[in-house]
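Engineer: Prediction below, plus the sequence it came from.
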Amino acid sequence: MKPQGDSVAILTHFGRTSGKAYRVKIWWVEIDGELWIGSLDATRGWVRNVRATGRAEIDRGRGAERVTCEPVTNPAEIARFRAAVKRKYPITSRLLALFFERESCAFRARAADSGSPG
């Protein structure tokens, strides 16, 4: 599984109880210089794992970077994330929202401290 240029990243997330590493392709955006990730469906496995562990690895084509993931709970901030996604992925995001949108979610992903455990 490889990142696809500037559009798709590979997210490695870790099982809530097993700690097992899983990989999934996701969309990402930058807002005010910060990396944001999220989903149109907050019940997806990777979302539940990231919410529970607060950590992941993201590869945007420059190698994997360890991140801590802060859930965004403010509805206005989630709307801001969705607007950024619509700007970056104008056609696909609208098509997917028609068929797959449930409860949306977003995370701010920040570089993890190099001394923190894996």
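Structural biologist: Now that the structure is in, tell me what you want to look at. Numbering: from 1, shown residues only.

Engineer: from here on, contacts and neighbour counts on C-alpha atoms
Structural biologist: Noted.

Engineer: quick one: secondary structure of residue 47?
Structural biologist: What DSSP: H, G, I helix; E, B strand; the rest coil gives for residue 47 is helix.

Engineer: quick one: the strands in this structure?
Structural biologist: 8-14, 21-31, 34-39, 55-59, 64-72, 105-111 (DSSP state E).

Engineer: So which of the ones you listed is nearest residue 79?
Structural biologist: Closest of the strands of the chain to residue 79 is strand 105-111, at 9.3 Å (criterion: CA to CA).

Engineer: who's in contact with that closest one?
Structural biologist: 34-42, 65-73, 78, 81 (CA atoms under 8 Å, 6 or more residues apart in numbering).

Engineer: what do you get for stretch 67-81?
Structural biologist: 29, 31, 36, 50-51, 54-58, 104-112.

Engineer: measure the nearest residue to residue 10 once chain neighbours are set aside to residue 6 for me?
Structural biologist: Counting by CA to CA, 6 or more residues apart in numbering, residue 25 is the residue found nearest to residue 10 once chain neighbours are left out, at 4.6 Å. According to CA to CA, to the nearest Å, residue 25 stands 12 Å off from residue 6.

Engineer: From the neighbour counts alone, determine which of the two ranks first.
Structural biologist: More crowded of residue 25 and residue 6, by other CA atoms under 10 Å: residue 25, with 16 against 12.

Engineer: shouldn't the more buried one be in contact with residue 9?
Structural biologist: Yes. Assessed by CA atoms under 8 Å, residue 25 is found in contact with residue 9 at 5.6 Å.

Engineer: Let's have the strands of the chain in a markdown table, adding mean pLDDT and distance to residue 95.
Structural biologist: Shown next, in a markdown table, are those (pLDDT from 0 to 100; distance: least, CA to CA, whole Å):
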| stretch | mean pLDDT | distance to residue 95 |
| --- | --- | --- |
| strand 8-14 | 96 | 17 |
| strand 21-31 | 95 | 14 |
| strand 34-39 | 95 | 14 |
| strand 55-59 | 97 | 25 |
| strand 64-72 | 97 | 24 |
| strand 105-111 | 95 | 18 |
